[in-house]
Every structure is written in structure tokens, then in C-alpha cells.
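Trainee: I need the structure of the sequence given here:
(2 chains)
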Protein chains: 2
Amino acid sequence: MTRMNRQIHLVSRPDGEARADNFRLVEAPLPELADGQVRVRHHYLSLDPYMRGRMDAGRSYAQPQPLDAVMIGGTVGVVEDSRHPGFAAGDAVVGIGGWQEFATVDAAQPGALRKVDASRIPLSAYLGAVGMPGVTAWVGLTRICQPKEGETVAVSAASGAVGSAVGQLAKARGCRVVGFAGGADKCAYVREELGFDACLDYKALPDAKALGAALAEAAPKGIDGYFENVGGRILDAVMLRMNDFGRIAMCGMIAGYDGEPIPMAYPALILRSRLTVRGFIVSEHLADWPAALAELGQRVADGSLRYRETVAEGLEQAPEAFLGLLKGRNFGKQLVKLV
Amino acid sequence: MTRMNRQIHLVSRPDGEARADNFRLVEAPLPELADGQVRVRHHYLSLDPYMRGRMDAGRSYAQPQPLDAVMIGGTVGVVEDSRHPGFAAGDAVVGIGGWQEFATVDAAQPGALRKVDASRIPLSAYLGAVGMPGVTAWVGLTRICQPKEGETVAVSAASGAVGSAVGQLAKARGCRVVGFAGGADKCAYVREELGFDACLDYKALPDAKALGAALAEAAPKGIDGYFENVGGRILDAVMLRMNDFGRIAMCGMIAGYDGEPIPMAYPALILRSRLTVRGFIVSEHLADWPAALAELGQRVADGSLRYRETVAEGLEQAPEAFLGLLKGRNFGKQLVKLV
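Mentor: This next block holds a predicted model:
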């Protein structure tokens, strides 16, 4: 009997906000393994904000997600069967297997599959702190924010997979670190468990004046590096506090993914404060991955880099979990657990 | 009898738009020359947009212009009398003498006075193409926009002292060059006399759609480097046309000098197109001045760098000429001729 594989397809593009009915659960037969292919059983799927951009047909930095095909995304799992000499059943692997229970991978394709050590580091961490989000934090912080000891670094979405790593890596470099997060519980976690010097609950600071005053208190010497995950009024408030020659890494604009563009209120500050504002995508910094993964892996293994996960159970939960991520309902890295 | 010196003082700070009554013409006695001092008779005063920022008390990149003191600004003139061994009567000099007929300068102060060659290059050019505006163009273009042969460079205020140099220097580096200017006459000059490939009259393109369509035609391969002198809707239109990994040098935000901040409509494009946006002030790039002045001087002398001047006659015309500059009424470098 043919084995079946359950998958989530994108079946329509959002008109404004993404909705559950943009996705559909589909069953498809698993193909026979061809030479050079590896069958991976997915243990975890990664859900990430960038996926929202790919749901649109319009211009983005990535190809749009094709319709009526498996949603693309990072995965971690275990090799079940292999016709490639580099992989054997039982190997723990990270790949880009998409929202499905099994992936059939041409393992010779560069970057398609990477063996990982599941003995020192939990498998799920390879989708978070020791995976794409962690490397994103590392690249944006070290290459763009370029923090020096004694400087102040700020980061939005501070309890998230990227933001939490940004702050802890900046602390390890001798910086004062200020986070932004939505809600008292997330802020308490950021301060107490992640060790940030301050964390501002933007939901409790609804107007620009209150946000600015709180930020002035949290960053009394101004801000030298800012890692931007959100956009909108937090960016505006930070720009007003940036020191001369400050660096801003533009990594995510979650606030803007759902349709309406969100303006930057004070672009003239880029000139006045001689800021450098730079957008980047981690997949375009492949040369940095080895150094980044080495530090991140070491820090997760020795406990100096902490993280939190929100885990949805079962493939069918992926769309709702993803929509929740876009609304900030997750707490730390959003995963879907399949096994 | 004591000789008198006529000066323009700033006597009040603007409340919104700058006005003529923020300035006052004052007569003051010329002091005796002390040891190490040089008396310069000013031939030309430079009027520049950055002066508007200094009129405010608030945070700017420069110290505010003090009240009841001579308006600070670049000057070119001829030494009338000297008690410093490095200068003699008859020397042509560039300085920061301010809006007055004579300056009494401590010539030993670094950067206070620089002798220039008035035989190959007209004196007034040292305030424009071979002065601060020219070096501004050179630094922003070569250090931030970093144009490569075959790329497309855009520049706003293209008929102005900075913009005209940006475009001609980019043409000399093998780029396609697109300018923006206000009015058909300025655009014709930019295309026909300065040799830009295209120039868009933003006044004739009042809505975003028309501006975007014209820009798409003028820059069919997108824009790789943008030199920003204005801000506002031109910046928005350019950002929508920027190629991946494009560079934007933020030099002026004339549109924003008079009070109201002007937002950037699509900051998410910084991420999507992985742009680098960087503000700079030419006085913080002193190491670049010699190389910049060498190229600029050579190009003015050999005729490959052209420029235009708007010259107001007489010190008392300085305030009105300056207000006209802020409204874009000048055509090329705005000067005040005193001799």
C-alpha cells in the first residue's frame, strides 16, 4: 500500500491580512526514493515571520511561495531511509522540508540537508537559537550594529527567537541591552531570564511620549545599535534616542507584513545623527554561518544562550500557529511538533 | 577714524518658516589686528541649506548659530592685511568668515584659512564645485553610493551646487545618471549642459503615480545609488525603484528644514531591497578632502565639471537670498557678492 504524506499547501494569496483559508491540508502519496535521495521524517517545523512576505505575489526579497504547493519552511527531523552515501537512517538533520510530515530530499543539492549533533543540543534548537533565527541575530548584531563594549544596544521583539539572541549576544559583548516586548510576562522573562538590563512593554506605552520617556530612562546614554524586528512606532522612538553614528539593522517589519505600509516618522534623523540603516537577509550572508553557528551552539550547550519555544502540536495546527505568530501570540520561537 | 564692518546677525530663531526678520544688518567697528591675525576682505559669501538647521536651538548635528552674532558661513576673499607669516596682502583665501564684509581671523587655528589658486579657477568656485558642496558630492557619491560602471545613480536638487557635481562625477564613472529638479528650465540645463541622461521635473509630476512612472522610464534598470538632497516624496519614489543592495546617501533634507518632519513612506523597502541608507556630514570626512579637491579642481579647470551660480549683490541681500534658497528659487550655487 502506498504510504501517504500529509502536507499544508498555500491555496490562495492574502488580500490584506493572512487567513486560515489561505491554507489547506492535503494528503499526497510518498514517492519511492530515487538514487541520491533521502527520506526525512520531520520532528519540528519552523514558523517564521518572513513566510508572510512569501505568501504575496508581489515584489519581495524572495520568490513568492507557489500556490497549491507545500509551504516552504525550515525543518528538523531524522533520516528514515537514504539512498545517498552521506546520510543514514537515524541521522538528525536540518533542512528546508516545508510544512509536511515527510520530505523527500535530493541530498546532493547544496544546503538541502545538514547533519546536526542532537546529543549536546535539543533538536528543536536547530530551528531557533542554533538555526536561522540565531544566525540572523548574530549577523545583524555583529556585522551591522557592530556593538562596542560599553555601548547601548536595543532590540524589538526581544522575547522572540531572533531578539532574545540579539540581546544575549550583545550582553556577552559588554553592552547595555534594552528590549521591547508586548506584555508584562514577556518583559519579565526578557529581564529576569535573558538578563537584559531593561525591557519596555510597548503595549503599556501606547503613545509616543510615554514610549519616549520610558526609553530615555532605559537608555540614559542613548542607543548606539538597534536591531529592528518590528517597524512602526518603536522604530520612531528608537531613532529619536539614537546617538551620533548609530547603526540600525533592519531585519523584520512584522508590523508591515499585513498590507498597509508603515511610514518612518523622522527620516531626517538619519542625516542629523549620521545613522547607518541597513537591511539584510541572513541567507545572503552564508560566509558568516560557520562562525555564527559555532558561537551559538557553544552558548546553547553551556547554557549562556537561553531561549523559549511555543510549540503547536500536529501538522494541522500549523496555519493557526502561524497566524498567531504574525499577531505576536507566540512566546519565543514558534514551532510545530510532529513527532 | 575707526573703520566699520557691516554684518548680518541672527537676532531671533524661526518659529516654523525662517523669515527675514530673524536677521538684522549691524555695523560694528573693525578691531585692530593682533599678532597672528589676518584681515580678509570677503568677495563672496556662501549660502547653504545646512544654515537653516543651525538657526534652530534644538538638536542638530552642529552647534546652533548663536543669537546676536554674525551668521556663520563659508567665505572667499582676499587678504587685506596680515600679522601672520603664512599670509600676505593679496592672497586669495577660503575661510569660514560669516555674513560680513571683513573677517578678522586667527590664522593659526586649523582650518580657519586656506590659500587658494585664483589663476586657474574662479574665486567663487571655491565656495561651490571646488569647495564644501563639491566635496560633499564627492564624499557621498564615492564613499556611500559607491557607483560601479554601468549602474544607475539618481540625485535630487540636480541643478544645485551639490547635485550637479554628484551627477557629473557619476557620469565620469560610467553610470547612467537621473536627476530631479524643479522646473523645465532647470531640467533642460541638467540634461543639456550638465549631461545627465535624464532629469525629472518634480513640479510637473505632482502625484506619486506620475512621478513613479516617469522614474521607471528614466531608470529602466532600476537605481543603484541615490544621493538625497531633499527628502519627502522624491525619496519615496526613488526607494520604490531601488535595486537590491542599493545605497542611499542622506545629505540634505531641505523639505524638512522648515519645521514639520516629513515621513519616509516605505521604510520596509530598506529590508526588502537590502538597502544601505547612511547620513553624513562632509566636515566629518576631512581625510577625503584632499583627494576630492584634487579631482574637483582638475575637472573645473579642464571644463569637465560645470556649475552655475545665482549671485545676490550686496551684504544686505543675504537674508532674502537665503530664504529664496530654502524655497528653491536659486539656480545652482547661491552666493552673495560683496566686491
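
Trainee: and A:Ile270, that's in a helix?
Mentor: Yes: if the criterion is DSSP: H, G, I helix; E, B strand; the rest coil, then A:Ile270 is within a helix.

Trainee: and the gap between it and B:Leu235?
Mentor: Remark: distance between A:Ile270 and B:Leu235 (Cβ to Cβ, to the nearest Å) = 10 Å. All C-beta spots, glycine's among them, are computed from the backbone N, C-alpha and C.

Trainee: can you check A:Arg176 too?
Mentor: Relative to B:Leu235, A:Arg176 is positioned 33 Å away (Cβ to Cβ).

Trainee: run the chain-centre distance for the biggest helix by length in chain A.
Mentor: Ranked by residue count under DSSP state H, the longest helix found in chain A is helix A:289-302. The chain centre lies 16 Å from the centre of helix A:289-302; the measure is Cα atoms, centre = their mean, to the nearest Å.

Trainee: show me what that helix is in contact with.
Mentor: Helix A:289-302 is contacted by residues A:120-121, A:125, A:129-130, A:134-135, A:138-139, A:165, A:168-169, A:172, A:305, A:307 when judged by Cβ atoms under 8 Å, 6 or more residues apart in numbering or on different chains.

Trainee: just the buried subset of those, please.
Mentor: A:121, A:125, A:129-130, A:134-135, A:138-139, A:165, A:168-169, A:305, A:307 (16 or more other Cβ atoms under 10 Å in any protein chain shown).

Trainee: and stretch A:15-24, how far out from the chain middle?
Mentor: Centroid separation between stretch A:15-24 and its chain, computed with Cα atoms, centre = their mean, is 21 Å.

Trainee: now it: buried residues?
Mentor: Buried residues in stretch A:15-24, counted by 16+ other Cβ under 10 Å: A:Ala18, A:Asn22, A:Phe23.

Trainee: same question for stretch A:287-295.
Mentor: Of the residues in stretch A:287-295, those buried by neighbour count under the rule 16+ other Cβ under 10 Å are A:Trp289, A:Ala292, A:Leu293, A:Glu295.

Trainee: how many residues are close by the single nearest residue of the stretch 101-250 of chain A relative to chain B?
Mentor: Nearest residue of the stretch 101-250 of chain A to chain B: A:Met250, at 4.5 Å (Cβ to the nearest Cβ). Neighbours of A:Met250 under the rule other Cβ atoms under 10 Å in any protein chain shown: 27.

Trainee: rewinding a little: for the buried ones among the contacts of helix A:289-302, which one is nearest B:Met242?
Mentor: A:Val139 (21.3 Å; Cβ to Cβ).

Trainee: on that earlier part again, surely the residue of the stretch 101-250 of chain A closest to chain B is in contact with A:Leu275?
Mentor: No: at 11.4 Å, A:Met250 does not count as touching A:Leu275 under the criterion of Cβ atoms under 8 Å.

Trainee: hey, what's the nearest residue to A:Ala218 once chain neighbours are set aside bridged with?
Mentor: In this structure, A:Ala218 finds its nearest non-sequential neighbour in A:Ala198, 3.8 Å apart by Cβ to Cβ, 6 or more residues apart in numbering or on different chains. Residues in a beta bridge with A:Ala198, per DSSP bridges, are A:Val178.

Trainee: A:Ala198: what's it in contact with?
Mentor: Going by Cβ under 8 Å, 6+ apart, A:Ala198 touches A:Val177, A:Val178, A:Gly179, A:Arg191, A:Glu217, A:Ala218, A:Ala219.

Trainee: near chain B, which residues of the stretch 101-250 of chain A are found?
Mentor: Residues of the stretch 101-250 of chain A lying close to chain B (Cβ under 8 Å from any Cβ of the partner chain) are A:Gly231, A:Leu235, A:Asp244, A:Met250.

Trainee: break down the stretch 151-300 of chain A into its helices, ranges please.
Mentor: Using DSSP state H, counting those that start in this stretch, the helices found in the stretch 151-300 of chain A span residues A:161-172, A:184-188, A:208-218, A:233-241, A:254-257, A:268-272, A:289-302.

Trainee: nearest to A:Leu335, of the ones you listed?
Mentor: Among the helices of the stretch 151-300 of chain A, the nearest to A:Leu335 by Cβ to Cβ is helix A:161-172 (9.4 Å).

Trainee: which residues touch the closest one?
Mentor: Residues outside helix A:161-172 that contact it (Cβ under 8 Å, 6+ apart) are A:128-129, A:133-134, A:136-138, A:140-142, A:145, A:147, A:153, A:155-158, A:177, A:179, A:181, A:190, A:194-196, A:225, A:227, A:229, A:251-252, A:295-296, A:299, A:304-308, A:332-334.

Trainee: which parts of stretch A:136-144 are buried?
Mentor: Buried residues in stretch A:136-144, counting neighbours by 16+ other Cβ under 10 Å, are found at A:Thr136, A:Ala137, A:Trp138, A:Val139, A:Gly140, A:Leu141, A:Thr142, A:Ile144.

Trainee: just stretch A:80-91 next, same as before
Mentor: Buried residues in stretch A:80-91, counted by 16+ other Cβ under 10 Å: A:Ser82, A:His84, A:Phe87, A:Asp91.

Trainee: what's the pLDDT at the last one?
Mentor: To tie it back to what came earlier, the one meant is A:Asp91. With respect to pLDDT, A:Asp91 has a value of 97.

Trainee: contact partners of stretch A:28-36?
Mentor: By Cβ under 8 Å, 6+ apart, stretch A:28-36 touches A:2-5, A:7, A:39, A:81-84, A:102, A:104, A:106-108.

Trainee: try 7 Å
Mentor: A:2-5, A:7, A:39, A:81, A:83-84, A:102, A:104, A:106-108 (Cβ atoms under 7 Å, 6 or more residues apart in numbering or on different chains).

Trainee: mean confidence score for that stretch?
Mentor: Averaged over stretch A:28-36, pLDDT sits at 95.

Trainee: A:Asp136 against A:Met250, yeah?
Mentor: Careful, residue A:136 is Thr; it's not Asp. No: checked against Cβ atoms under 7 Å, the pair A:Thr136 and A:Met250 is beyond contact range at 11.7 Å.
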